[in-house]
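Enquirer: Coordinates only, no sequence provided:
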């Protein structure tokens, strides 16, 4: 086990505080992408800016949904929150304790947990359900009886009992595997759980059951969630606040009710318009290209400018700041349509 959290004095007051976070991945000196886009002498310094100067706050017991297309940086941000990736800039704190990289520290990893998109790849297929759920607290100094009791409690909370508990994880359905992953996440009584597309790899018929389970667990255990999703319908069901990410930056942030009913940023408008709705046709507001942009060759100005029907000259020249709307200070937008 490794330590994700170290003590720190003089940290912000938010329960989960993300401050000017940066994460870059080098392309290296060789390989297809670096040779395609960069001259030989430039390749060693080429990088992908997956998360670029992101600042967010999550209150205790609330759910922040990070919404965006594939390649927007939302999963990388989630991994940074739990310490699975190392920060290249900025800071993250949870309950006034700084979050550090898991490989650099010593024994409090259980305070931050992550439920991954594909439960089949995140669970050992050869382990029994009980052993898999017990693993996060196996070195916490608890007796066997205490561990067994906590495992039983966690499995009951996620609705897994009886003969299912004695099976190997590979013998379970997708929905059952995700319930095991959730039980494994809650057993250490974490302060924050990052949920990375928790329903996208399971049958549509049971997605609502898993979302309802997450809502119930949040109330029972006073959990704080960071939920990563590409689906506005999931955001509508789960979110207290939403941060919309595009190519590594937050372009809009605010309360779920107002952001979903009155989206301000052109990208948010297109994202919501593109979401499937029962009995409805695709809106004309959907982006014409339908494809995310490259994270390797970014525009000089606004990163959405090549796809934006409202683009102006200054959008090509410099990036807009993320600023509160004049008519609704709770919502912040990064767009020159709302600022000079």
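Expert: All right, it came through fine. The shown structure was predicted, so the numbers you read here are calculated from the model rather than taken from an experiment.
Enquirer: elements contacting the lengthiest helix in the chain?
Expert: Counting residues, the longest helix in the chain under DSSP state H turns out to be helix 204-221. On a contact count with 3 or more CB pairs under 8 Å, 6 or more residues apart in numbering; DSSP states H and E, helix 204-221 meets helix 174-186, helix 232-238. Yep, even glycine has a C-beta here, placed from its N, CA and C like the rest.
Enquirer: if we go to 10 Å?
Expert: Secondary-structure packing of helix 204-221 (3 or more CB pairs under 10 Å, 6 or more residues apart in numbering; DSSP states H and E): strand 63-67, helix 144-157, helix 174-186, strand 192-196, strand 224-229, helix 232-238.
Enquirer: ranking these by burial, who's on top?
Expert: Mean neighbour count (mean count of other CB atoms under 10 Å) peaks for strand 63-67 among the helices and strands packed on helix 204-221, with a mean of 27.
Enquirer: what's the spacing between that strand and its chain's center?
Expert: Remark: strand 63-67 is offset 7 Å from the chain centroid, using CA atoms, centre = their mean, to the nearest Å.
Enquirer: quick check: mean pLDDT across the very next helix or strand once past that strand?
Expert: Sequence-wise, the next helix or strand downstream of strand 63-67 (DSSP states H and E) is helix 74-81. Across helix 74-81, the average pLDDT comes to 96.
Enquirer: Report the angle between helix 74-81 and strand 224-229.
Expert: 160 degrees (axes from the mean of the first three to the mean of the last three CA atoms, to 10 degrees).
Enquirer: now for helix 74-81, which elements pack on it?
Expert: Contacts defined by 3+ CB pairs under 10 Å, 6+ apart place helix 74-81 against strand 16-26, strand 47-58, strand 63-67, strand 89-94, strand 112-115, strand 192-196, strand 224-229, strand 241-246.
Enquirer: Go ahead and name everything in contact with the helix or strand that the fifth one is followed by.
Expert: When you say that, I think you mean strand 112-115. The element immediately downstream of strand 112-115 (helix or strand, assigned by DSSP H and E) is helix 119-122. If you take CB atoms under 10 Å, 6 or more residues apart in numbering as the criterion, helix 119-122 is touched by 114-116, 132, 169-170, 172-182, 184, 196, 198, 201-202.
Enquirer: at 6 Å what do you get?
Expert: Helix 119-122 is contacted from outside by 116, 177, 178, 181, using CB atoms under 6 Å, 6 or more residues apart in numbering.
Enquirer: Enumerate every residue touching residue 88.
Expert: Contacts of residue 88 (CB under 6 Å, 6+ apart): 22, 23, 24.
Enquirer: meant to ask about residue 64, not that
Expert: Applying CB under 6 Å, 6+ apart to residue 64 gives the contacts 58, 226, 241.
Enquirer: could you dump these to a markdown table with pLDDT and distance to residue 258?
Expert: Shown next, in a markdown table, are these (pLDDT from 0 to 100; distance: CB to CB, whole Å):
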| residue | pLDDT | distance to residue 258 |
| --- | --- | --- |
| 58 | 96 | 18 |
| 226 | 98 | 20 |
| 241 | 97 | 10 |
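Enquirer: tell me which of those residues is nearest to residue 264?
Expert: residue 241 (14.6 Å; CB to CB).
Enquirer: Find the nearest non-adjacent residue to the closest one, please.
Expert: By the measure of CB to CB, 6 or more residues apart in numbering, the closest residue to residue 241 outside its immediate chain neighbours is residue 64, 5.2 Å from it.
Enquirer: Please name the bridge partners of that neighbour.
Expert: residue 226, residue 241 (DSSP bridges).
Enquirer: Quick check: the gap between it and residue 258.
Expert: 15 Å (CB to CB, to the nearest Å).
Enquirer: in the longest helix of the chain, what's buried?
Expert: 206, 207, 209, 210, 211, 213, 214, 217, 218 (16 or more other CB atoms under 10 Å).
Enquirer: Quick one: residues in contact with it.
Expert: With CB under 6 Å, 6+ apart, helix 204-221 has contacts from 175, 178, 199, 237.
Enquirer: Tabulate those (JSON lines), appending distance to residue 272.
Expert: Compiled in JSON lines, the contacts of helix 204-221 are given as follows (distance: CB to CB, whole Å):
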{"residue": "175", "distance to residue 272": "27"}
{"residue": "178", "distance to residue 272": "26"}
{"residue": "199", "distance to residue 272": "19"}
{"residue": "237", "distance to residue 272": "14"}
